[in-house]
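> What follows is a predicted protein model with its sequence.
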Amino acid sequence: MNSTAASDLRPQGSQAFDETIWEDSRALGSQLQVLRERLFPPEANKELRSFSTAETAKLIGVTESYIRNLATTEDGPIPEKAHTGRRRYTLEQVHALRQHLTKGKTSYVPWRRDNEHLQVIAVTNFKGGSGKTTTATHLAQYLALHGYRVLAVDLDPQASMSTLFGYQPEFDVEDNQTLYGAIRYDDERRPLAEIVRKTYFAGLDLVPGNLELHEFEHDTPRILASGERDGDGLFFMRVASALHSVSDDYDVVVIDCPPQLGFLTMSALCASSSVLITVHPQMLDVASMNQFLAMTSQLLAVVRDNGGNLDYDWMRYLVTRHEPNDGPQNQIVAFLRNLFGERVLTPMMVKSTAISDAGLSKQTVYEAPRESMNRQTYERAIESMDAVNADIEKLILQAWGRIPK
């Protein structure tokens, strides 16, 4: 029987699959770069919109008239004036107002105090499409808007969070410019402070991601098999060690975990003080989550037995992409609440065209100008996001002991 090479079985003139998808990737990446430059000319950098007096007052927690009065004094931040003549505040000016107002008895700056530990929140799910990145990005931006010092960490090699912050991973993030650079096992490891990037959101920094993060999944089994050790310890201690090196600069770290249970996800979970698991209320997604929970429990039990830290301030399930008029979805939500009780957040993230419309221009609903979409749709999306994130903020404050549990 004659043996035939696999390459000989391919039709003449055809291209190998790996070559085809590589060319497709290059072509798509190039066009995405062109699209970004059209969206954000001339430097292709994103900028955050300014805020009205009413929005500024709401963010700080004072009355609108108080903000108007401050604008007429010489010692407060001077807002810009739009073409309509109305005052507009940049986020930097909103933060400056917080500092200015804190000169009195009441503090409007929510930074953590010396006795309060860094909150590290891992946003995770085993299944893609659960709204994980949408949740993590909006949470990080909400906290920054409300005055916290936030570090967003994109730990997903697909780097969707980085894209939302205006970075195209294959063009804007080079080798050793992801978290991998701070947790790798060789001599090329570098301080996390050198990797952190400022964003157009005042008070919100980013550790971007790209495909380089996969290297940690490949390196770790080899290191475990060889028995090699260095100053940062076993794999599950490395993310915590990197974050500790910049902890003085932040109040909250939000980690967008990969949609699979690998060494990166386990390392993030061991570095975290809190865990948020996103759940899309469909039966297949819930069944997938069951597998995720079972596998996570088994693997992390081994990690804990070897010294991994799994003591969390809180763990919650967040229902995402919820459609209030969908009967089967509501049945699944009721099922989850009956099963897990208070561990299911009361507010839910609604499925909204406002979120997807904003995403077309690589924005979130916190960034997109409200006049760019239907007013009612926009307001429902903002109300949903704010309710979810306000509940998470409350959990943070409870962990710090500022409000009773």
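It's in.
> list the helices and strands the helix or strand hosting residue 65 packs on?
Secondary structure assignment for residue 65, by DSSP states H and E: helix 64-71. Applying 3 or more CB pairs under 8 Å, 6 or more residues apart in numbering; DSSP states H and E, one finds that helix 64-71 contacts helix 53-60, helix 91-101. Any C-beta I mention is one placed from the backbone N, CA and C, and that applies to glycine too.
> How about that helix, which residues are buried there?
67, 70, 71 (16 or more other CB atoms under 10 Å).
> The helices and strands packed on helix 64-71: which one's closest to residue 378?
Residue 378 sits nearest to helix 53-60 of all the helices and strands packed on helix 64-71, at 12.9 Å, using CB to CB.
> Report the mean per-residue pLDDT for that closest one.
Throughout helix 53-60, pLDDT has a mean value of 92.
> Show residues contacting it.
Here helix 53-60 makes contact (CB atoms under 8 Å, 6 or more residues apart in numbering) with 51, 63-64, 66-68, 71, 79, 86-87, 89, 93-94, 97-98, 101, 108, 145-147.
> Now restrict these to buried residues only.
51, 67, 71, 79, 87, 89, 93-94, 97-98, 101, 108, 145-147.
> residue contacts, the most centrally placed residue in the chain?
Centre of the chain computed as the mean C-alpha position; nearest residue by CA atoms, centre = their mean is residue 136, 3.0 Å away. Residues near residue 136 by CB under 8 Å, 6+ apart: 123, 152, 161, 254, 255, 256.
> try 6 Å this time
123, 254, 256 (CB atoms under 6 Å, 6 or more residues apart in numbering).
> what angle do whichever strand or helix holds it and helix 91-101 make?
Using DSSP H and E, residue 136 maps to helix 132-145. Orientation check (axes from the mean of the first three to the mean of the last three CA atoms, to 10 degrees): helix 132-145 against helix 91-101 gives 40 degrees.
> Tell me the helix or strand right after helix 132-145.
Later in the chain than helix 132-145, the nearest helix or strand by DSSP H and E is strand 150-154.
> for that next one, what is the average pLDDT?
98.
> which among the buried residues of helix 64-71 gets closest to residue 179?
The closest of these, once distances to residue 179 are taken by CB to CB, is residue 67, at 38.6 Å.
> So for the closest one, what's the nearest residue that isn't a sequence neighbour?
Nearest non-adjacent residue to residue 67, counting by CB to CB, 6 or more residues apart in numbering: residue 57, 4.7 Å away.
> how many other residues sit next to the one you found?
21 (other CB atoms under 10 Å).
> Check the gap between it and residue 103 for me.
Going from residue 57 to residue 103 by CB to CB, to the nearest Å gives 18 Å.
> and if you look at residue 187?
For residue 187, the distance to residue 103 - CB to CB - is 48 Å.
> ok, now residue 196?
Relative to residue 103, and taking CB to CB, residue 196 is found at 30 Å.
> now the buried residues of helix 64-71 in TSV, with distance to residue 395 and pLDDT?
As requested, the buried residues of helix 64-71 are arranged in TSV below (distance: CB to CB, whole Å; pLDDT from 0 to 100):
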residue	distance to residue 395	pLDDT
67	29	87
70	31	80
71	34	73
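> What is the nearest of those to residue 260?
residue 67 (46.1 Å).
> what's the closest one in contact with, if anything?
Taking CB under 6 Å, 6+ apart, we find residue 67 in contact with 53, 56, 57.
> Tabulate the residues you listed (CSV), appending distance to residue 304.
Formatted as CSV, the entries for these read as follows, by distance: CB to CB, whole Å:
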residue, distance to residue 304
53, 51
56, 45
57, 46
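> quick one: which of those is nearest residue 208?
residue 56 (29.3 Å).
> From residue 93, how far out is the closest one?
Using CB to CB, residue 56 is found at 8 Å from residue 93.
> just residue 312 next, same as before
Distance, residue 312 to residue 93, using CB to CB: 36 Å.
> ditto for residue 146
Distance from residue 146 to residue 93, counting by CB to CB: 15 Å.
> Show me where this structure has its strands.
Secondary structure of the chain (DSSP state E): strands at 51-52, 80-81, 87-89, 119-124, 150-154, 197-198, 204-207, 252-256, 274-279, 314-319.
> Compare these and say which comes out lowest on pLDDT.
Lowest mean pLDDT within these: strand 80-81, at a mean of 62.
> Pass me the low-pLDDT residue ranges in the protein, would you?
Counting by pLDDT under 70, the chain shows low-confidence ranges at 1-45, 73-85, 104-106, 127-128, 229-233.
> quick one, what contacts residue 375?
With CB under 6 Å, 6+ apart, residue 375 has no contacts at all.
> shift numbering so it begins at 38
Sure, I'll start numbering at 38, so the last one becomes residue 412.
> can I see the domain layout of the chain?
88-138, 156-436 (automatic domain parsing).
> out of the ones you listed, deepest packed?
Mean neighbours per residue, mean count of other CB atoms under 10 Å, is largest over those for domain 156-436, with a mean of 19.
> Now do the contacts for residue 425.
Contacts of residue 425 by CB under 6 Å, 6+ apart are 384, 386.
> go again using 10 Å as the cut-off
Residue 425 makes contact with 172, 175-176, 179, 313, 355-357, 382-387, according to CB atoms under 10 Å, 6 or more residues apart in numbering.
> ok, so of the residues you listed, who is nearest residue 405?
residue 175 (11.7 Å).
> ok, that closest one touching residue 423?
Yes: using CB atoms under 10 Å, residue 175 and residue 423 qualify as a contacting pair, with a distance of 9.5 Å.
> that older thread, could you export the domains of the chain as CSV, including distance to residue 149?
Converted to CSV, the domains of the chain look like this (distance: least, CB to CB, whole Å):
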stretch, distance to residue 149
domain 88-138, 15
domain 156-436, 4
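> which ones are touching residue 383?
353, 356, 374, 424, 425, 428.
> Against residue 354, how distant is it?
Residue 383 is 11 Å from residue 354, by CB to CB.
> Now do the shared contacts for the two.
Counting by CB under 10 Å, 6+ apart, the residues touching both residue 383 and residue 354 are residue 374.
> Could you pull up the residues touching residue 377?
With CB under 10 Å, 6+ apart, residue 377 has these contacts: 316, 352, 353, 354.
> Which residues lie in contact with the third one in this structure?
By CB under 10 Å, 6+ apart, the contact set of residue 353 is 158, 311-314, 377, 379-383, 428-429, 432.
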